[in-house]
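1. 3D model of this:
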Amino acid sequence: MSKDRYYYDRITMALDDLLQCKRYCEAMLKLPLGKSFSEERTIYESLYVAFIVSYGRVFTTSNPIAKEFKEPVSHEFGNFRSSMLKTQVDNLRKFHERIIDKRNTAVAHSDGNSRNYQHYGDTALPTGRNPYFPYKHEEVEMALLLVNNLISLVGEEQSKVGGREFSKPLFGESGDAT
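-> Presented below is the predicted three-dimensional model:
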């Protein structure tokens with residue numbers, strides 16, 4: 001397989017992840033945020049974490065099956081990701097940074113500043129922040145807008161790369177799979 005095929009596969013993975021993000025956001029918008037420790041809140045927070053993880057996968061390095069293509073595919077996909085983000089309006093670019101920061105400090109890792117534990121009066125009982133406090137509906141709507149924008153751009157890139165890399169069309173002239 002060529003580097004371009006692995007790049008095509010990386011684009012396809014990104015599209016899969018973004019489509020997952022879209023589903024998670026749409027499901028969140030159908031639910032109330034819910035009160036802390038309620039079943040509604042647990043489901044909402046689970047969808048939120050799933051959204052953050054799926055979104056973050058698009059913006060991290062992945063390993064192709066053939067290790068010798070990791071660097072060139074990562075480089076090309078990294079350039080594509082940067083160009084995608086540059087096309088976003090400023091508030092969506094900043095929101096993207098918030099999502100990635102949440103992923104890196106609280107959801108995929110446990111950085112101390114995500115919880116900021118404090119001990120008062122030399123007690124062993126810490127108090128801190130809930131790093132999983134999910135986005136409210138207004139922020140989920142913004143996430144959905146960002147994700148839809150990215151889905152469009154990734155789909156265009158997938159079509160472009162697939163068109164030059166594969167000789168057989170996905171569908172025949174009648175629309176049937178070939």
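
2. middle-most residue in the protein, spatially?
-> Most central in the chain under Cα atoms, centre = their mean is Tyr55, positioned 0.7 Å from the mean C-alpha point.

3. From Val147, how far off is that residue?
-> Counting by Cβ to Cβ, to the nearest Å, the gap from Tyr55 to Val147 is 7 Å. Any C-beta I mention is one placed from the backbone N, CA and C, and that applies to glycine too.

4. Now do the shared contacts for those two.
-> The overlap between the contact sets of Tyr55 and Val147 (Cβ atoms under 8 Å, 6 or more residues apart in numbering) consists of 18, 21.

5. Going by residue numbers, what spans are helices in the protein?
-> For the chain, helices defined by DSSP state H occupy the ranges 3-30, 39-58, 70-86, 90-102, 137-165.

6. other SSEs contacting the longest one?
-> What it means is helix 137-165. Packing partners of helix 137-165 (3 or more Cβ pairs under 8 Å, 6 or more residues apart in numbering; DSSP states H and E): helix 3-30, helix 39-58, helix 70-86, helix 90-102.

7. Tell me which of the helices of the chain approaches Gly128 most closely.
-> helix 90-102 (15.7 Å; Cβ to Cβ).

8. so what secondary structure elements neighbour the closest one?
-> helix 39-58, helix 70-86, helix 137-165.

9. Dump those helices into CSV; add distance to His96 and mean pLDDT as well.
-> Below are the helices and strands packed on helix 90-102 laid out as CSV (distance: least, Cβ to Cβ, whole Å; pLDDT from 0 to 100):
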stretch, distance to His96, mean pLDDT
helix 39-58, 9, 95
helix 70-86, 6, 93
helix 137-165, 6, 95
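
10. So which of those is the most surrounded?
-> Per-stretch averages of neighbours, counted by mean count of other Cβ atoms under 10 Å, single out helix 39-58 among those, with a mean of 18.

11. what's in contact with that helix?
-> By Cβ under 8 Å, 6+ apart, the residues outside helix 39-58 that reach it are 13-14, 17-18, 20-21, 24-25, 27-28, 31-35, 81, 99-100, 102-104, 107-108, 132, 134-135, 143, 147, 150.

12. ok, now stretch 146-165?
-> 2, 4-5, 7-8, 11-12, 14-15, 18-19, 21-22, 25, 55, 58, 80, 84, 87-88, 92, 95-96.
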